[in-house]
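Student: structure, please.
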Amino acid sequence: MSKKQVIVNEWEKLTALSNRRLSVQTTTTPLKFNWSIDRITIVGKLKENLYYHRGNDILILDFEQLMRFNENNGYLESVSQNGWKIVDHFGENIAYIEMLKFQKGYGRIDFNPNKINQFLASSMKNFIHDLFIEPHFSRADIACDIIDVPDEFITQYRIVDPISFKPIYGRSGKLETAYWGSRSSERQVRLYNKKLEQQAKRKIVPKEIETWWRLELQLRRGKATDWQAMVQESLDSFASPHYLPISIKHIDKIMITGLIADHNLWGGLARHTKYKYRNLLKQESKNDELTNHLRETFEESSSELKKELDTWLQGLDVSEDN
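Tutor: Numbers count the residues shown, from 1 in each chain. So this is what the prediction gives:
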């Protein structure tokens, strides 16, 4: 099977989950929402003795010896003194594994389950099980691909919590990526133009796809454990001024539009004023059709997402911190 056909097949799976229609004037094409686990990190104490089968022989190796033994085999490449990356047959990075520098005897593996085919996924699960003593789940990225919501519509949206906001604009002056929260925090929300990203990487995007955005939550430690509540809480704060009720005063609409346009303005408001406008936007999100589609499709997908996480963790405790 060619790489092009693989990508087309993956795209068909991506867009098959839902075909809901957003009944707003800004779009006339069927919308699609697909939730997935985009990244997983597992940390644990490395076993001192790992049994490696080579033909009829069984070698007893420690973790570093095992990695060195398999370097440059076409799938495992050394990238640092303590780290290695696993690549697929196209040479694309699908996982990173390392010995932790500041926790002697511990290691972590970080990977995107969507990039691992079924055979390697099964092998990876066994590898994780054989590699670690008392591993724990320290990060999960939960993502939703949003297909065919017009760019000018979705770029209105903000997370209206009192956290840092970093927008990135393209040469055209249009928003391409937005971050809420710092990268090192327990929760960071990211909204970005996935179609542009794929085109920049010279990936195939079917011509019938007009727009493709991704809403992604990077959750760490306790937030990762409580991922379902974190997604729901984040969607309660995902809002735009598009559906503000007619009853809201004109001056309040002007204020909200300004706060949406420049998130830094939140910092200059008095506490009670900040609460007032955050509450108005959170109330608006309950009636926002796009946000409600996200809520509904997440609810439909959450059992499958949980099943995937449980399968990767093989029933191991996920409540510990990194």
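Student: wait, what's in contact with residue 39?
Tutor: Residue 39 is in contact with 110-112, 139-141, 218, counting by Cβ atoms under 8 Å, 6 or more residues apart in numbering. No exception for glycine: its C-beta is placed from N, CA and C like everyone else's.
Student: and with 10 Å instead?
Tutor: Contact analysis of residue 39 by Cβ atoms under 10 Å, 6 or more residues apart in numbering lists 110-114, 139-143, 216, 218-219.
Student: looking at these, which are in strands?
Tutor: 110-111, 139-143, 216, 218-219 (DSSP state E).
Student: of all the contacts of residue 39, which comes closest to residue 230?
Tutor: The closest of the contacts of residue 39 to residue 230 turns out to be residue 219 (Cβ to Cβ; 5.6 Å).
Student: that older thread, narrow the contacts of residue 39 to those that are buried.
Tutor: Among the contacts of residue 39, those classed as buried by neighbour count (16 or more other Cβ atoms under 10 Å) are 110-113, 139-143, 216, 218-219.
Student: a markdown table for those, including pLDDT and distance to residue 291?
Tutor: Shown next, in a markdown table, are the buried ones among the contacts of residue 39 (pLDDT from 0 to 100; distance: Cβ to Cβ, whole Å):
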| residue | pLDDT | distance to residue 291 |
| --- | --- | --- |
| 110 | 92 | 30 |
| 111 | 89 | 30 |
| 112 | 86 | 26 |
| 113 | 85 | 26 |
| 139 | 91 | 25 |
| 140 | 91 | 22 |
| 141 | 94 | 20 |
| 142 | 95 | 16 |
| 143 | 96 | 16 |
| 216 | 97 | 16 |
| 218 | 95 | 20 |
| 219 | 93 | 19 |
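Student: let's have these in CSV, adding distance to residue 237.
Tutor: Below are the buried ones among the contacts of residue 39 laid out as CSV (distance: Cβ to Cβ, whole Å):
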residue, distance to residue 237
110, 27
111, 29
112, 26
113, 27
139, 21
140, 19
141, 18
142, 15
143, 17
216, 15
218, 16
219, 15
